[in-house]
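In: no sequence on this one, just coordinates:
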Ligand code: F3S
């Protein structure tokens, strides 16, 4: 199982992750990325669906500031 959240302290609002994985990430009013799963609120507590794992890893690799955190357990 995989879980994800965005470290908004290091996100530079580059916009890559939402383009790569639009079913996982969107942006807040400041353009900073966050996990959009209902009830997650960027806390990294919702398990990522199997069919979104490839998008997740692509987004993680594409983030220029390594702000997309991924763990095998809830954060
Ligand atoms: Fe921010 Fe990285 Fe996404 S800088 S907008 S978390 S690709």
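Out: Arrived safely. All figures in this text were calculated on a predicted structure; none of them were measured in a lab.
In: contacting residues for residue 25?
Out: 6, 17-18, 33-36, 59, 68 (C-beta atoms under 8 Å, 6 or more residues apart in numbering). For the C-beta atoms, the positions are set from N, CA and C on the backbone; glycine is no exception.
In: Do you know the pLDDT at it?
Out: Per-residue confidence at residue 25 stands at 98 (pLDDT).
In: again with residue 32
Out: So, for residue 32, pLDDT stands at 98.
In: burial of it, as a residue count?
Out: Neighbours of residue 32 under the rule other C-beta atoms under 10 Å: 17.
In: quick one, what contacts it?
Out: Residue 32 neighbours (C-beta under 8 Å, 6+ apart): 6, 8, 11, 13.
In: picking up where we left off before, let's have the contacts of residue 25 in TSV, adding neighbour count.
Out: Putting these into TSV (neighbours: other C-beta atoms under 10 Å) gives the following:
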residue	neighbour count
6	23
17	27
18	18
33	28
34	20
35	25
36	17
59	24
68	26
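In: Regarding the nearest residue to residue 18 once chain neighbours are set aside, what are the backbone dihedral angles?
Out: Nearest non-adjacent residue to residue 18, counting by C-beta to C-beta, 6 or more residues apart in numbering: residue 25, 4.7 Å away. The phi and psi values for residue 25, taken as degrees, to the nearest 10, are phi -120, psi 140.
In: Bridged to residue 25, which residues?
Out: Residue 25 forms beta bridges with residue 35, as assigned by DSSP bridges.
In: that older thread, narrow the contacts of residue 32 to just the buried residues.
Out: For these, a burial check counting by 16 or more other C-beta atoms under 10 Å picks out 6, 11.
In: if you look at the contacts of residue 32, which of them are in strands?
Out: Counting by DSSP state E, the part of those found in strands is residue 6.
In: Just give me the closest of the contacts of residue 32 to residue 64.
Out: Checking these against residue 64 with C-beta to C-beta, the nearest one is residue 11 at 9.8 Å.
In: Tell me the spacing between the closest one and residue 49.
Out: Per C-beta to C-beta, to the nearest Å, residue 11 is found 23 Å from residue 49.
In: ok so, going back, including distance to residue 44, could the contacts of residue 25 go into CSV?
Out: As requested, these are exported to CSV (distance: C-beta to C-beta, whole Å):
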residue, distance to residue 44
6, 9
17, 14
18, 17
33, 13
34, 10
35, 7
36, 12
59, 14
68, 10
